[in-house]
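Undergrad: Take this sequence and fold it.
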Amino acid sequence: MITQIVTFLIFFAVVGCILYGRRLIRTEKVDAVFGNPERALGGTHWVIVGSSFLLLIWLYYSWDIAKGFYPKSANELCQVAKVNDSLLGLKYQFPIEEREFKSTSQIKKENKNLKIIQNEIQNSEELDKLQKIKLISFINKTNQLIPLLTNEDLLESETKQKIIDITGKINLLTENFQRPDYPFETEQELNDRLKAVNEEGGWGITKVDAGSGSIENTLEVPLVPATDRGLKFHAAAKTLNLISDEFFKLRNHNPQFKNKIKELKNEIKSYRKDLNDNEEIASTYAKNIVKIARRIEFASIYPPNALDKMQASIVKFENVQKSAQGGLRFIDIFLFPAGTIIASGPSCSEQGSGRWLPKPSDTLNKFILMSKPSVGYKDIPLLWIQMVDISKMIGFILPDWIADILPGEYPVHTKDGIVKQNFKGGVLKIVTGDCLIIAPQFICEEKHIDEIIDKLRTGITNYQKNQKN
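TA: Numbering: from 1, shown residues only. Take a look at the predicted model:
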């Protein structure tokens, strides 16, 4: 609320001062100001404009305006970032944000590496003819592995069915995601989530550790979805993570490929085992070749059209989730300059100017917390404040001699060791603050406090009369 009020005041101050300055220019002469101190006075409105712009820039680039007007926007952007993070691995395999399939890039890269090694082997002067022939044969066999993965006729029916199942799960998620009540949260789940949201705290809110009295920051960006829109993206991200894990566990390893790569590995292993110590170069080349074969084995390489439907389902979900963001996308564009909220694993963080530029509201909040004597800064209080009873304030204001001027003696203990309070002793308790004040009554040891007060008034009146006489 404070940030919103300050922002509006800044805008009013800037506009008002500019209008005032322009009107002043039209009504007064402004030439020959230089060198004339009297003519240079009265520019306070321009100082206000400059100071307001500086504060406005600080509020804007620290993302404090976004926090003030849309306090839950960071939490919602965190949930959107979770979806983007979950989609990243899947989209990386397709020409959605990349220029080509990941498998196409992998094939080009490994073919290039094999070509480089082949040229080095052929031009090497430290390898004999037989070694070159043997190593080149390993390269040729490695090249023959790739067509076994890209041939659609060799794609197993089980692999095809798993691709169809994964595609169906993405389509089902897209369909459910468009429903208003997704992810179908029960009342108990809603209560648990709202409780977790309250315990987690808000965006950038600080708190005091009750044990040590030190100031602690809550999570930079709250993780638990605080809104229905955020919950939708959070649930979708969890489902996408499961789909992504299932897809990357899948391998297009048909029996022909398995046999060929197993033969190649065993052959290279046997060849390196039979080499002498002075044939280390040949062993190194063979080792590099088998590394390429293993990268091909663990790469997600499929026939060119095998994943077309899966790619279309991912594109469809991407469009649906962007549409579901609604006005949040504009908040991200206009109120989160030079960065946004990103998700990395189980956490979300600010990436941009809002991360390194402290927010004015957080700075003020921390200062207020540090102002508490129980908190302070590194166990040193900034303000020394002691809560005292009202009776002590009364005792400070009323002089003790009021009791001294009253007639009589202060109470003396009896032979039984008991001190029985009298009128003068009761007055002393009041003027020294040795009693508890509960407005509008005084609670002392004396039961008849009204009598004491009446006698006190009478004594003060008599004292004033004697002073006049």
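Undergrad: all contacts plus neighbour counts: C-alpha atoms, from now on.
TA: Noted.
Undergrad: ok, and the closest non-adjacent residue to Tyr377?
TA: Excluding its sequence neighbours, the residue lying closest to Tyr377 (CA to CA, 6 or more residues apart in numbering) is Met370, at 5.9 Å.
Undergrad: correct me, but the one you found touches Leu364?
TA: No. The pair Met370 and Leu364 fails to qualify as a contact (CA atoms under 8 Å) at a distance of 9.8 Å.
Undergrad: More neighbours: which of these two?
TA: More crowded of Met370 and Leu364, by other CA atoms under 10 Å: Met370, with 23 against 11.
Undergrad: where's the more buried one relative to Thr363, distance?
TA: Met370 sits 11 Å away from Thr363, going by CA to CA, to the nearest Å.
Undergrad: Can you give the contact residues for stretch 114-121?
TA: Contacting residues not belonging to stretch 114-121 are listed as Leu127, Lys132, Leu135, Ile136, Ile139, Asn143, Tyr285, Ile289, Ile292 [CA atoms under 8 Å, 6 or more residues apart in numbering].
Undergrad: Show me what the longest helix anywhere in the chain packs onto, helices and strands only.
TA: For the chain, the helix with the greatest residue count under DSSP state H is helix 2-27. Contacts defined by 3 or more CA pairs under 8 Å, 6 or more residues apart in numbering; DSSP states H and E place helix 2-27 against helix 44-61, helix 64-69.
Undergrad: okay, these, which one's buried deepest?
TA: Compared across the helices and strands packed on helix 2-27, helix 64-69 shows the largest average neighbour count, a mean of 22 (mean count of other CA atoms under 10 Å).
Undergrad: Just the buried positions in the next helix or strand after it, please.
TA: Sequence order places helix 73-92 as the next helix or strand after helix 64-69, per DSSP states H and E. Counting neighbours by 16 or more other CA atoms under 10 Å, one finds that the buried residues in helix 73-92 are 73-87, 90-91.
Undergrad: helix or strand right after whichever strand or helix holds Asn259?
TA: For Asn259, the enclosing helix or strand under DSSP H and E is helix 255-274. Moving toward the C-terminus from helix 255-274, the next helix or strand (DSSP H and E) is helix 280-298.
Undergrad: how big is the angle separating that next one from helix 255-274?
TA: 160 degrees (axes from the mean of the first three to the mean of the last three CA atoms, to 10 degrees).
Undergrad: name the helices or strands packed onto helix 280-298?
TA: Where contact means 3+ CA pairs under 8 Å, 6+ apart, helix 280-298 is packed against helix 102-123, helix 129-143, helix 145-150, helix 255-274.
Undergrad: How about the contacts made by Ala81?
TA: Ala81 makes contacts with Ile341, Ile342, Ala343, Cys348, as judged by CA under 8 Å, 6+ apart.
Undergrad: brain fart, Ile166
TA: Ile243, Glu246, Phe247, Met310.
Undergrad: And these, which of them are buried?
TA: For the contacts of Ile166, buried by 16+ other CA under 10 Å: Ile243, Phe247, Met310.
Undergrad: Gly204 - nearest residue in space that isn't next to it in sequence?
TA: Spatial nearest neighbour of Gly204, excluding adjacent residues (CA to CA, 6+ apart): Glu220 at 5.8 Å.
Undergrad: Wasn't that neighbour part of a helix?
TA: No. Assessed by DSSP: H, G, I helix; E, B strand; the rest coil, Glu220 does not belong to a helix; its assignment is coil.
Undergrad: Do I have it right that Pro71 meets Trp203?
TA: Yes. Contact status for Pro71 versus Trp203: in contact at 7.0 Å, counting by CA under 8 Å.
Undergrad: Can you verify my assumption that the residue nearest to Gly204 contacts Cys78?
TA: No. Counting by CA under 8 Å, Glu220 stays clear of Cys78, with 10.8 Å between them.
Undergrad: roughly how far apart are the residue nearest to Tyr377 and Lys269?
TA: Counting by CA to CA, the gap from Met370 to Lys269 is 67 Å.
Undergrad: Outline the domain layout of this structure.
TA: Domain segmentation of the chain under automatic domain parsing yields 2-61, 71-369, 390-468.
Undergrad: rank those domains by pLDDT, which is bottom?
TA: Mean pLDDT is lowest for domain 390-468 out of these, coming in at a mean of 67.
Undergrad: can you pull the contacts of Lys134?
TA: Contact analysis of Lys134 by CA under 8 Å, 6+ apart lists nothing.
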